[in-house]
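J.: quick one, structure for this:
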Amino acid sequence: MKLTTVLCAILTLFSIQLENNDKNSVVPEKNKHTLNYVRQKSFSTKKIQSTNIHYTKITEIVNNLMGNKEIKKIENLYDIHFDLMYYLVTFEDSGYLIYDLEAQDYQEYSETSSSPYLKYENEMKIYVGPGNYCYLDDGTLKDIASGNTISASDQNNLETIYENIQDSKEESQNEESTDSANDTNSINSLPSSYDLPYSYYFTNLHENYADNYLGSCGYIALQITLGYFNNFGGQGGLIPDEYIEKEQVYSEDPSQWTESAGSNYNFHYKLLTIGSQLNYSSAVSMSQLKDIHDEYNDQFASSYNFVSENNILTAFVNLILPSLLYQNYVVILGVSGIDSNVLPGQNIRHAVTAYGYVNGGDGYRVHFGEKELDLTNVVIKDYTIESYFALKYTSSHKHSQNYYYVEPEVITYMCPCGEYSYHYHDWEYTNLTSSSHTKVCKECNATIENEAHTFIGPGIFKTCSECGYSKLPSVGS
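T.: Numbering: from 1, shown residues only. Below is the predicted model:
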C-alpha cells in the first residue's frame, strides 16, 4: 500500500542517490562528544509521563489519523546535526509516524508500512525527510536505503536540505501569525484560478504525442511540456525539426486552431533512449525525469536556457504548485489513487501535465497524456499528488514554424506570436498528358497530381500557362 507522506517544507527537497561508498565520511569531530549523551535519551512509551505535552499531542494525532492504532514505542529521532528534533512512533500491529517536536505535528505516517528504521533499533537514527533516512554505524553516517556510507558532499547536501526545511517552517509559522491579506508572499496574492498563457495548446493537443505503450507516462508528459515551449513558449527549435508534427490551420487566430502541433513517436523514443543511457526504466520518478530533461538539453538544446525544480510534495501543496504555475512553469505531477470525477473506480499511478489551477489550488487543470482517454482539459482534485517536476524555458524569443496555412502557390508558416514566414512553391512538372500534368515543389515536395492544364493562346495553337505543354490542333480541323 502506498506510503502517505506529509512534509512541513516549501523549499527544495530531493532524494539523494547515495552511491558513493566513501569510507572517510564520518560524523564531524565537533559532534562526537554529543553522541553518547543523546543515545542515552532514547526512551520507550512506558517512560513517558502522561503530562508530557508531546505524548499528549502524539496521542491526539494518532487518534485523529488512525483511531484503532495502539502505540508500541516512541523513540528519539535526530536531525542531520544530531539534535533531538523528532520522535519515531511505532504501533503494535504495523505502521509508524514521525512527529516534529518543534512544529508539534506529524511529518509523515503510514498505517501499514514498516518503519524505515525497523532494522536499526539499537542505532542512532537520523531523519532529514521522506527518502532521506540515515543512521550512525560506529560514528559513520550511513544511508538506510542503500546501506552505503554517506560521502562528505552528500552530507553537506543533506545539511542544506535540512536548513531549507527549517527556514521554510519558520516562514510558515511567521505567516500564520501575521495578517495574510497584507503578506505579498502569501497564497492570497495569487488569483484564485489561473491557466498558463496559450493554455489551449494543451486543450487542443489530441494527436501529436506518443501513445503510452510502455508505462512511460513521465516521458510523455515531458514530450508534451517541451512541445508547449517549442510552440507557444517562444522557444522555436527546442525540438529538432525531424521530430516535429506540424499542423495545418485555417485561421490566423491561434485560439481557433483545433489541433496542436507536437512531436512524433521518434521523439518519444529519443527521450526513452536518454533514460536508458542513464539506467532508468520506462517508469521514472520526478527526480529521474529532471535528469532526463537535463541530459536532453545538453544533447539537443544547449543554447536554450531553463529553470526547473523537482520535489516530493509537502503539506504546503496549495502554496507551491499555484505559485509555480502562476510563474508560468509547466508542472508535471506524479499522482496516485482514485479521483471519481476523472476515472471512476480506477486506482492509478500516473504522471500528468498541469497547466493551471482552480480555487486556490483545490484542483489542477491537466493534460492526462493518454490518447485513448483524450483527457486534455480535466481538473483533478482527489488524486494524491506525490511529487512534481516544474520546468520553464527562459531564452529570448525564437520563432517557430510549426503551424501553416496553405494557399495554391504559397505556404504561410505562423509563429503564435504573429510572425509569418512564406514559402513560394518552385514547381517542377511531370506526367504531362493532353489534359493534365503533375507538379512537385522542388523545395518542399508538395505535390498536386493530375491538375488540368490551363490553355491559353490565339487561334488553334494553345499552350498550358503553367507547364508549357502545347496542344496541337486536331487533324482535319
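J.: count of residues packed around Y403?
T.: Neighbour count of Y403, defined by other CB atoms under 10 Å: 22. C-beta here means a position set from N, CA and C on the backbone, and glycine is covered the same way.
J.: and for W257?
T.: 20.
J.: I'd assumed E247 was in contact with it.
T.: Yes - W257 is in contact with E247 according to CB atoms under 8 Å; the separation is 7.0 Å.
J.: what touches both of these two?
T.: Listed as contacting both W257 and E247 by CB atoms under 8 Å, 6 or more residues apart in numbering are Y403.
J.: quick check: next helix or strand after the host helix or strand of I385?
T.: Assessed by DSSP states H and E, I385 sits inside strand 384-393. Following strand 384-393 in sequence order, the next helix or strand is strand 403-406 (DSSP H and E).
J.: show me what that following strand is packed up against.
T.: strand 247-248, strand 410-414 (3 or more CB pairs under 8 Å, 6 or more residues apart in numbering; DSSP states H and E).
J.: how does it look with 6 Å?
T.: Other helices and strands packing on strand 403-406, by 3 or more CB pairs under 6 Å, 6 or more residues apart in numbering; DSSP states H and E, are strand 410-414.
J.: and the strand it packs on, which strands flank it?
T.: Its sheet considered, strand 410-414 pairs with strand 403-406 (antiparallel), strand 420-424 (antiparallel) by DSSP bridges.
J.: need the winner for burial among those strands.
T.: Most buried of the strands paired with strand 410-414, by mean neighbour count (mean count of other CB atoms under 10 Å): strand 403-406, with a mean of 16.
J.: contacting residues around that strand?
T.: E247, Q248, V249, A261, I411, T412, Y413, M414 (CB atoms under 6 Å, 6 or more residues apart in numbering).
J.: need the contact list for the residue lying closest to E111 once chain neighbours are set aside.
T.: Sequence neighbours aside, G95 is the residue nearest to E111 in space, at 4.5 Å (criterion: CB to CB, 6 or more residues apart in numbering). Going by CB under 6 Å, 6+ apart, G95 touches S110, E111, T112.
J.: just send these back as JSON lines, with neighbour count and distance to F229 too.
T.: JSON lines is the format used below for the contacts of G95 (neighbours: other CB atoms under 10 Å; distance: CB to CB, whole Å):
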{"residue": "S110", "neighbour count": "20", "distance to F229": "38"}
{"residue": "E111", "neighbour count": "17", "distance to F229": "41"}
{"residue": "T112", "neighbour count": "12", "distance to F229": "41"}
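J.: let me have the residues you listed in TSV, extended by pLDDT, distance to N431 and secondary structure.
T.: Listed next are the contacts of G95 as TSV, based on pLDDT from 0 to 100; distance: CB to CB, whole Å; DSSP: H, G, I helix; E, B strand; the rest coil:
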residue	pLDDT	distance to N431	secondary structure
S110	85	72	strand
E111	83	74	coil
T112	82	72	coil
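J.: which other residues reach stretch 286-294?
T.: F14, G218, L222, I274, G275, L278, Y280, N310, G334, S387, Y388, F389.
J.: looking at this structure, which helix or strand is least sure?
T.: Here the helix or strand of the chain ranked lowest by mean pLDDT, DSSP states H and E is helix 29-39, holding a mean of 31.
J.: and the next element down the chain from that helix?
T.: Heading C-terminal from helix 29-39 (DSSP H and E), you reach helix 53-65.
J.: what mean pLDDT would you report for stretch 257-267?
T.: In this model, stretch 257-267 has an average pLDDT of 95.
J.: go on, stretch 204-224?
T.: Stretch 204-224 comes out at a mean pLDDT of 95.
J.: next one: that stretch to chain centre, how far?
T.: Chain-centre distance of stretch 204-224: 13 Å, with CA atoms, centre = their mean, to the nearest Å.
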